[in-house]
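Visitor: Provided below for reference: sequence and predicted model.
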Amino acid sequence: MRLQTEYAIETVNLTKTYKSKIPNTGRFSRRTASVNAVDNLSLNIKKGELFGLLGPNGAGKTTLVKILCTLLPPDQGTTIVNGFDVLKQPMRVKQSIGTIFSVGERGFFWRLSGYSNLEFFAAINNVPRSGRRQRIMEVLELVGLEEKAFEVFQKYSGGMKRKLALARALLADPPILLLDEPTTGLDVTSSRNIRDFIKNDLSKKHGKTILYTTHYIEEVSQMCDRVGIMNKGRIIALDTPGALKGMAKKGEVADITVKNMSEMQVNSLRHVAGVSGLTAEVQDSVLGQTRLRVRLENVDALPTVLGFFFREKIKLVNFRQEEPTLEDAFIELTGTGGNP
Amino acid sequence: MTLAQELDKIYYFMKRDIISFSTYKTNILLSIVSALFGALSYAFWGANASMPSVQNLGMPVVTYLLIGLAFNTYLSQSLTLVQRTINPWSLEEVLVSPTGLVTFIVGSSLWGFIWSTLVIVIYLSVGVFAFGVILSINIVGTIIVVGLGIGTFIGFSMIGAGVLILTKQGDPVTTIITLATNLFGNVLFPISVMPLPLQIISFFVPQYYFFTCIRPMLIGQGIGAILPDLAILGVMCAIILPVGYLAYAWCLKMARKNGTLSWF
């Protein structure tokens, strides 16, 4: 029986715990540690919504996707997908979803053409035989691979492989798409093309409900209706990208590029009065340039910070004062120090 | 899920495997050459060997050896069929589709069996055309014996695949069954040449009953001649096949529960 609901995806108190043997506790020891990959998670995604799930590695995003697509049984809680319970009606759930896993291209058969791969997946996903060829060509055209349809998969570029994974997810025309890091490992252009296609075609034009997981902040901030920030198995913040930016503590952000700044000097800067947060990343190792993102308690702290650079004889290459971004909110909420 | 849908899926599993297989042209050629050389080596040996224990069975040594060798290939194929289907990423893609486990196993195995049948034809053709082996095939009997043999070995294969999915460290079941087949299976020599304690072990090994039954079926004897051994093989198949399926399904369920399906 199908549950009538306004949501495409609903989870209530969902929990998944992994057990693993504790290393170095003796050869015959059976001591295990438990990790809550998904921890008492309740989440509703509306029909037709493009929902972004952002989190650092190990946050539990892939585990959640695997539960939603019936691959992983949860330990506790309820999960309803398209009105069907994942534990009680797995076949109906499978017929309602299209999935891309983060290592999607490995699920293809490398010596078959793109078309033959889709022909196989169309058959196992119950796409009717009579309209199968037409449907395969439709989805290939949709992702822009129609001219490469009969080329062997192993000759496809990374971007083409991801597009074929999208085409595969669309074969049975499911109302819900679960896209687990679909742009991982792609170059900037391919990644943007896929994001545009997901937002403009799949979401806006075809009205699909999409759960899009990523650890790239810019992706979700540009394309999603709502974003959930996940950390240690829990959703720690959930709102529109704009509202989440506002969750970052009030204050100022100074985006500064410096030359030849040592690690010790970076640590010293953290303790300067008025600095409430700091992330640093090497921007150009040849030129010795480091990009700093300094969170200030208020604008009055700025002269003190600039005085620090003057005292330490650190050359500023670039300086910009900004409003807090989604990245700032993410770092503040997950405590990942700018390395999601 | 209708029968037509499931047959359609099985067809596309097979089509996938045939296309993949056909791209390994050198491998195909080597398989055929290997089968020819294997058949010739054993045929020359068998044609010039004197084995009273075999001749007592009422067939020339060369016939005995070639049938043993040909059908051992078949059983070896069955034994590794399920393991070869468990590429973790492909497995995940199939498991998130509305495809049942039985369809998946049958579909993934079918081309392997068809290819093995072609290899059997090579072995037996060498015997018939080059060494004067006379075959008179009891078709119904052969189908029954081969069906029970394959069923039993797929049962073993599913147990092995289940162990592999759970432990991710290789599969001891396949090794043990292969060793048991070589020594106790009546493949290349009758068990009567072994000491009595080893002969007794053979009576607990399904391979022994398979090879004891298949040879008479290929030299024109009736099912009545093998009925007691066939019945034991049938009972063993009836136990091992469902046990294998349940073991495989349980191991798959545990790997899914533990989230370790794609860990090997």
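Guide: Thanks, I have it.

Visitor: what residues does the stretch 151-264 of chain B have near chain A?
Guide: Contacts of the stretch 151-264 of chain B with chain A, taken as C-beta under 8 Å from any C-beta of the partner chain, map to B:256-259, B:261-262. Bear in mind the C-beta positions are built from the backbone N, C-alpha and C, glycine included.

Visitor: columns distance to residue A:245 and neighbour count on top of the residues you listed, output as TSV?
Guide: Putting those into TSV (distance: C-beta to C-beta, whole Å; neighbours: other C-beta atoms under 10 Å in any protein chain shown) gives the following:
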residue	distance to residue A:245	neighbour count
B:256	38	18
B:257	39	15
B:258	38	14
B:259	34	20
B:261	38	21
B:262	36	17
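
Visitor: could I get the full set of helices for chain B?
Guide: Assigned by DSSP state H, chain B shows helices spanning B:3-22, B:25-48, B:52-55, B:61-84, B:88-95, B:101-125, B:131, B:139-167, B:172-184, B:196-202, B:206-218, B:227-258.

Visitor: revised request: answer the last question for chain A.
Guide: All helices of chain A, identified by DSSP H, fall at A:61-68, A:90-96, A:114-124, A:132-142, A:158-170, A:188-196, A:217-223, A:241-247, A:263-270, A:302-311, A:326-334.

Visitor: how far off helix B:88-95 does the longest one point, in degrees?
Guide: Between helix A:158-170 and helix B:88-95, the angle formed by their directions is 30 degrees, by axes from the mean of the first three to the mean of the last three C-alpha atoms, to 10 degrees.

Visitor: rewinding a little: which one of the helices of chain B is the most hemmed in?
Guide: Each of those was scored by mean neighbour count; the highest is helix B:206-218, a mean of 25, by mean count of other C-beta atoms under 10 Å in any protein chain shown.

Visitor: any idea of the mean pLDDT for that helix?
Guide: Mean per-residue pLDDT for helix B:206-218: 95.

Visitor: against chain A, how distant is residue B:230?
Guide: Distance of residue B:230 to chain A, given as C-beta to the nearest C-beta, to the nearest Å: 37 Å.

Visitor: with adjacent residues omitted, what lies nearest to that residue?
Guide: Distances taken as C-beta to C-beta, 6 or more residues apart in numbering or on different chains place residue B:213 nearest to residue B:230, at 5.3 Å, with adjacent residues excluded.

Visitor: show me the contacts for the one you found.
Guide: With contact taken as C-beta atoms under 8 Å, 6 or more residues apart in numbering or on different chains, residue B:213 is in contact with B:141, B:145, B:226, B:229-230, B:233.

Visitor: any chance of CSV for those, columns distance to residue A:173?
Guide: Formatted as CSV, these follow (distance: C-beta to C-beta, whole Å):
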residue, distance to residue A:173
B:141, 50
B:145, 47
B:226, 54
B:229, 54
B:230, 51
B:233, 48
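
Visitor: which of these sits closest to residue A:234?
Guide: Proximity of the contacts of residue B:213 to residue A:234 was ranked by C-beta to C-beta; the top entry is residue B:233 with 56.6 Å.

Visitor: nearest residue to the closest one other than its sequence neighbours?
Guide: In space, and not counting its chain neighbours, residue B:233 is closest to residue B:209: 4.0 Å by C-beta to C-beta, 6+ apart.

Visitor: hmm, that neighbour is touching residue B:227, no?
Guide: No - look at residue B:209 against residue B:227 with C-beta atoms under 8 Å: they stay out of range, at 11.6 Å.

Visitor: work out the gap between the helix or strand of chain B with the lowest mean pLDDT and the centre of the chain.
Guide: Lowest on mean pLDDT, DSSP states H and E among the helices and strands of chain B sits helix B:88-95, with a mean of 77. Its chain's C-alpha centre and that of helix B:88-95 lie 25 Å apart, by C-alpha atoms, centre = their mean, to the nearest Å.

Visitor: likewise stretch B:190-200?
Guide: How far stretch B:190-200 lies from its chain's middle: 23 Å, per C-alpha atoms, centre = their mean.

Visitor: who's in contact with it?
Guide: So stretch B:190-200 is contacted by B:53-54, B:57, B:183-184, B:202, B:208 (C-beta under 8 Å, 6+ apart).

Visitor: ok so, going back, dump the contacts of residue B:213 into a markdown table; add pLDDT as well.
Guide: Converted to a markdown table, those look like this (pLDDT from 0 to 100):
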| residue | pLDDT |
| --- | --- |
| B:141 | 95 |
| B:145 | 96 |
| B:226 | 94 |
| B:229 | 96 |
| B:230 | 97 |
| B:233 | 97 |
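
Visitor: which one of these is nearest residue A:84?
Guide: Looking across these and measuring by C-beta to C-beta, the closest to residue A:84 is residue B:233, at 43.9 Å.

Visitor: tell me which two in the contacts of stretch B:190-200 are the farthest apart.
Guide: B:57 and B:183 (18.7 Å).

Visitor: residue nearest the centroid of chain A?
Guide: In chain A, the residue lying closest to the centroid (C-alpha atoms, centre = their mean) is residue A:214, at 1.0 Å.

Visitor: that one touches residue A:181, doesn't it?
Guide: Yes - using C-beta under 8 Å, residue A:214 is in contact with residue A:181, at 5.6 Å.

Visitor: roughly how far apart are the residue of the stretch 201-340 of chain A found nearest chain B and residue A:333?
Guide: With C-beta to the nearest C-beta as the measure, residue A:233 is the residue of the stretch 201-340 of chain A nearest to chain B, at 12.7 Å. According to C-beta to C-beta, to the nearest Å, residue A:233 and residue A:333 sit 14 Å apart.

Visitor: next: residue B:102.
Guide: Applying C-beta to C-beta to residue B:102 and residue A:333 gives a distance of 47 Å.

Visitor: let's see the pLDDT reported for residue B:134.
Guide: For residue B:134, the model assigns a pLDDT of 89.

Visitor: which residues does it contact?
Guide: Contact partners of residue B:134, counting by C-beta under 8 Å, 6+ apart, are B:63, B:128, B:219.

Visitor: please report how far it lies from chain A.
Guide: 42 Å.

Visitor: nearest residue to residue A:78 in space, please, no chain neighbours.
Guide: Using C-beta to C-beta, 6+ apart and skipping the chain neighbours, the partner closest in space to residue A:78 is residue A:12 (4.5 Å).

Visitor: and for the one you found, the neighbour number?
Guide: Residues near residue A:12, counting by other C-beta atoms under 10 Å in any protein chain shown, number 14.

Visitor: do the one 3 residues further on as well
Guide: Around residue A:15 there are 17 other residues, counting by other C-beta under 10 Å.
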